[in-house]
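J.: Below are the sequence and a predicted model for it; my questions follow.
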Number of protein chains: 2
Amino acid sequence: MLYQVATAALSPGDISYPIRSVLKKFKSSRTVLADVLDIDVAAKQVLLGDEALPYDYLILAAGSQTSYFGHDTWARVAPGLKSLEDALEMRRRILLAFEKAEREPDAARRQALLTFVVVGGGPTGVELAGAIAEISTQVMREDFRSIDPSDAQVILVEGSKRILEAFPEDLAANASKSLHDLGCWVWTGKQVSDIAEDHVMVGDRRVNAYTVLWAAGVQASPLGKKLGVETDRGGRVVVNQDLTVPGHPEIFVIGDLAKFVENGKPLPGVAPVAMQQGGHAAANVSRAIAGRALQPFHYFDKGNLATIGRARAVAHIGRLKLTGLVAWLAWLFVHVLYLIGFRNRAIVILNWAWAYVRRQRGARLIYGDVNNLIPPDSKLEDESAAELANRN
Amino acid sequence: MLYQVATAALSPGDISYPIRSVLKKFKSSRTVLADVLDIDVAAKQVLLGDEALPYDYLILAAGSQTSYFGHDTWARVAPGLKSLEDALEMRRRILLAFEKAEREPDAARRQALLTFVVVGGGPTGVELAGAIAEISTQVMREDFRSIDPSDAQVILVEGSKRILEAFPEDLAANASKSLHDLGCWVWTGKQVSDIAEDHVMVGDRRVNAYTVLWAAGVQASPLGKKLGVETDRGGRVVVNQDLTVPGHPEIFVIGDLAKFVENGKPLPGVAPVAMQQGGHAAANVSRAIAGRALQPFHYFDKGNLATIGRARAVAHIGRLKLTGLVAWLAWLFVHVLYLIGFRNRAIVILNWAWAYVRRQRGARLIYGDVNNLIPPDSKLEDESAAELANRN
């Protein structure tokens, strides 16, 4: 739900909850806010710099971060969406682009300020593109005087043949149509070859745009490499069927950081996989302590959902294919159900209900630099900042 | 209500609303996000650097900012509370101090991490001290393993003889008692002579504390000086009875930036004064345009309110003096009533109701640096950042 924060529909506090509070009732748990610098698998210690935490069993779930496929300089001009800080930075750029367009006398620069390029046609890219299109055509329609926000162009660029590759083709086509209805351009089979402050090269076509959002790729946390076991090209740790790593029956790796192969295919880096693996790893630790055999993990695929704007989605649940409002309601139900804590659920529902009725965005705050759309210095998020969102 | 954000009870989006949206229905209004660099009163222009905005009438309401009475180096170690960014920075430090204490092996350093000094015994200082005491004794009670958050010390330091000088003496005494009941120390008649990263000097007594919060003083925005008219020692523009400035019947100054003397005393820098002056200045502009005489402003004092913790307050309304829960309900009612927009009100009430029932804090997110309690470089807020909160 980070894209909801990025597009000013929700506040960070609405979609997150302190881990410390979640775990407070488990008296044998201890929550530590610190950077993990290394893991000493021989001594069975997690090294925090000023402290070494000994372990009998280790469950590593450090997740993934944005990857620019070697083009690290793109990080400054095209932020990703892997943390709450990322989401606030995207929100700042999107809202500030409209503010700057409102004051821009030059027509070409104004159009470039109102052009939003989303790179990557997976669920995150589709959700971002749909939400930005909706903001500009509906939410901010009457807020400006010099510009018409519905002049904004949203372009979704996807390298492969179609968007939403994890979905059946007809559902992806339906999503494409929904994006078109919202006024988005969907460019498939097109590679981004360069990103600069004021333009993007899509193939050899130059698109003048100041706001480029990156939803094209992730790589595993570098912590995976500290275990000294096999990792794949994306840095994911290749795990056994019981979620342990080869040679270390006391170390489990789960979620985006794990490469788990089932039926000849690696599981995707999505929340349901991570949540199910978390429960399974915990159960296996209990089994190990009790001297029983570890059980293999099996993923129960509840289906795929992607939302497009205020009341449209596509959903693929078993043999069921849903589109439009029905799919959106399914998406709403599932996501709200899994947010931790009653309070968060109530506020999220209230916010959404309100946004739905009023077509308004309640969380339209800009933090940080209000002068520069793209910060003058490279402010790449360091790992600690990126991981903060997971911790909190 | 910034202290509610600073103490993790509310999210920034709960207490603020975009000015642009508030004004959208007034089609003759235009909202511009920009830094005002200067005011050319002769040419009747507001200078934004890249643009000059001409005016027939100007209403200047640039407010005030934290003042350290010449000790500007204290800004880094003792943040003030004048903007949403300030509030998030205070929140970060308060929550991070508990996190660092949880991992601190040295008992003396641990106690210093759990010592919170609030400088200034006005409503803001009283509200901050009460809220921090409440967090530590109630909200976070069971969240930690190594520390007991209720070991936290909260010390409120006030230079003059008593706290809440704007209130009658018996109400201030009641507030003092309420703070004591929550476990706060209230030190009156004590001056802060130095603030460093790990301690505060109160008179010649050294208090070891890593978290010092500044609620002791404000000064007017430097924009007031650009008008070239008389300002007082605090930088406030001395205004006429009709809120115009001497020699410029087309310029109005209101709120914290104005020094308005009524019955021989300047009005205090509080929200009700600013709101009433805003309405009055607008009416006077209408009168001027219609060729009618400007009317003098009279402040209608609806009373003073300060809250202490979850369900206590003191209120002075006319001849009525309220304390305890009744005063707190009055405070709740008035503050929620004046928040702009239905949505914000509903969410604020929901948040509070929830916090009240569960003694929980829903907005316990830390943004930014999670390693350093006090940022290594001086990150003084520049004016644009401080004014952002007002704009948005």
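T.: Alright, I've got the coordinates.

J.: going forward, measure contacts between C-alpha atoms and count neighbours the same way
T.: Noted.

J.: I figured A:Asp35 hits A:Leu48, correct?
T.: Yes - assessed by Cα atoms under 8 Å, A:Asp35 is found in contact with A:Leu48 at 5.9 Å.

J.: Report the contact partners of the closest residue in space to A:Leu48 that isn't next to it in sequence.
T.: Setting aside the residues directly before and after it, A:Leu48 is nearest to A:Val36 in space (Cα to Cα, 6 or more residues apart in numbering or on different chains), at 4.8 Å. By Cα atoms under 8 Å, 6 or more residues apart in numbering or on different chains, the contact list for A:Val36 reads A:46-49.

J.: Now with 7 Å, please.
T.: Taking Cα atoms under 7 Å, 6 or more residues apart in numbering or on different chains, we find A:Val36 in contact with A:46-48.

J.: so where is chain A shaky, pLDDT-wise?
T.: A:338-348, A:350-363, A:376-392 (pLDDT under 70).

J.: one more time with 80, if that's ok
T.: Residue ranges of chain A with pLDDT under 80: A:1, A:9-11, A:13-17, A:138-139, A:310-311, A:331-392.

J.: how about A:Ala42, secondary structure?
T.: coil (DSSP: H, G, I helix; E, B strand; the rest coil).

J.: and the gap between it and A:Arg236?
T.: Distance of A:Ala42 to A:Arg236, computed by Cα to Cα, to the nearest Å: 21 Å.

J.: A:Val326 now?
T.: Noted for A:Val326: a distance of 36 Å to A:Arg236, by Cα to Cα.

J.: With neighbour numbers in mind, choose between these two.
T.: More neighbours surround A:Arg236 than the other of A:Val326 and A:Arg236, with 26 against 15 (other Cα atoms under 10 Å in any protein chain shown).

J.: Now for the more buried one: which residues touch it?
T.: Neighbouring residues of A:Arg236 by Cα under 7 Å, 6+ apart: A:220, A:224, A:257-259.

J.: Let me have the residues you listed in TSV, adding secondary structure and distance to A:His316 as columns.
T.: Below are the contacts of A:Arg236 laid out as TSV (DSSP: H, G, I helix; E, B strand; the rest coil; distance: Cα to Cα, whole Å):
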residue	secondary structure	distance to A:His316
A:Ala220	strand	26
A:Gly224	helix	32
A:Leu257	helix	25
A:Ala258	strand	24
A:Lys259	strand	23
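
J.: Just send those back as JSON lines, with distance to chain B and neighbour count too.
T.: Converted to JSON lines, the contacts of A:Arg236 look like this (distance: Cα to the nearest Cα, whole Å; neighbours: other Cα atoms under 10 Å in any protein chain shown):
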{"residue": "A:Ala220", "distance to chain B": "22", "neighbour count": "26"}
{"residue": "A:Gly224", "distance to chain B": "22", "neighbour count": "25"}
{"residue": "A:Leu257", "distance to chain B": "23", "neighbour count": "28"}
{"residue": "A:Ala258", "distance to chain B": "26", "neighbour count": "33"}
{"residue": "A:Lys259", "distance to chain B": "30", "neighbour count": "25"}
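
J.: Could you identify the most distant pair in those?
T.: Greatest spatial distance in the contacts of A:Arg236: A:Gly224 and A:Lys259, 10.6 Å, computed using Cα to Cα.

J.: Quickly list what's touching both of these two.
T.: Listed as contacting both A:Gly224 and A:Lys259 by Cα under 7 Å, 6+ apart are A:236-237.

J.: now the helices for chain A?
T.: If DSSP state H is used as the criterion, the helices of chain A fall at A:2-6, A:12-15, A:19-22, A:74-77, A:84-102, A:107-113, A:123-134, A:169-181, A:271-289, A:324-338, A:342-358, A:383-391.

J.: can you count the residues close to the residue of the stretch 51-200 of chain A found nearest chain B?
T.: In the stretch 51-200 of chain A, the residue that lies nearest chain B is A:Asp143 (4.9 Å; Cα to the nearest Cα). Neighbourhood size, A:Asp143 [other Cα under 10 Å]: 21.

J.: Next one: it from B:Thr66, what distance?
T.: For A:Asp143, the distance to B:Thr66 - Cα to Cα - is 32 Å.

J.: what do you get for A:Arg236?
T.: 49 Å.

J.: List, one by one, the residues from the stretch 101-250 of chain A near chain B.
T.: Neighbours of chain B within the stretch 101-250 of chain A, by Cα under 7 Å from any Cα of the partner chain: A:142-143, A:145.

J.: Let's have the residues you listed in a markdown table, adding distance to B:Arg103.
T.: Below are those laid out as a markdown table (distance: Cα to Cα, whole Å):
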| residue | distance to B:Arg103 |
| --- | --- |
| A:Glu142 | 51 |
| A:Asp143 | 48 |
| A:Arg145 | 53 |
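
J.: and of those, the nearest to B:His199?
T.: Nearest to B:His199 among those: A:Asp143, at 48.1 Å, using Cα to Cα.

J.: ok, what's across the strand from the residue nearest to A:Val186 when sequence neighbours are not counted?
T.: Distance criterion Cα to Cα, 6+ apart; nearest residue to A:Val186, sequence neighbours excluded, is A:Leu156 at 4.8 Å. Judged by DSSP bridges, the bridge partners of A:Leu156 are A:Val118, A:Val186.

J.: residues contacting A:Leu156?
T.: A:117-121, A:129, A:185-187.

J.: burial count for A:Pro266?
T.: By other Cα under 10 Å, 12 other residues sit near A:Pro266.

J.: give me the number of residues near the residue lying closest to it once chain neighbours are set aside?
T.: Once flanking residues are discounted, A:Pro266 sits nearest to A:Phe260: 5.3 Å by Cα to Cα, 6+ apart. The burial count assigned to A:Phe260 is 27, neighbours taken as other Cα under 10 Å.

J.: What distance do you get for A:Phe260 to chain B?
T.: 32 Å (Cα to the nearest Cα, to the nearest Å).

J.: right, and that residue touches A:Val238 too?
T.: Yes - the pair A:Phe260 / A:Val238 is scored as a contact, 6.4 Å apart, by Cα atoms under 7 Å.

J.: re the thing from before, would you format the contacts of A:Val36 as CSV with neighbour count included?
T.: Converted to CSV, the contacts of A:Val36 look like this (neighbours: other Cα atoms under 10 Å in any protein chain shown):
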residue, neighbour count
A:Val46, 18
A:Leu47, 17
A:Leu48, 16
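
J.: What is the nearest of those to chain B?
T.: A:Leu48 (10.9 Å).

J.: And that closest one, how far from A:His316?
T.: 42 Å.

J.: Run a quick neighbour tally on A:Arg364.
T.: A:Arg364: 24 neighbours (other Cα under 10 Å).

J.: Next, the contact list for it, please.
T.: Shown in contact with A:Arg364 (Cα under 7 Å, 6+ apart): A:8, B:18.

J.: Need the distance between the two termini of stretch A:131-145.
T.: Using Cα to Cα, the two ends of stretch A:131-145 sit 22 Å apart.

J.: Show me what counts as buried in it.
T.: Buried residues in stretch A:131-145, counting neighbours by 16 or more other Cα atoms under 10 Å in any protein chain shown, are found at A:131-145.

J.: what comes into contact with that stretch?
T.: Residues contacting stretch A:131-145 (Cα under 7 Å, 6+ apart): A:7, A:102, A:148-150, A:152, A:154, A:182-184, A:308-309, A:359-361, B:20-21, B:24, B:30.

J.: Inside strands: which ones of those?
T.: A:154, A:184, A:308 (DSSP state E).
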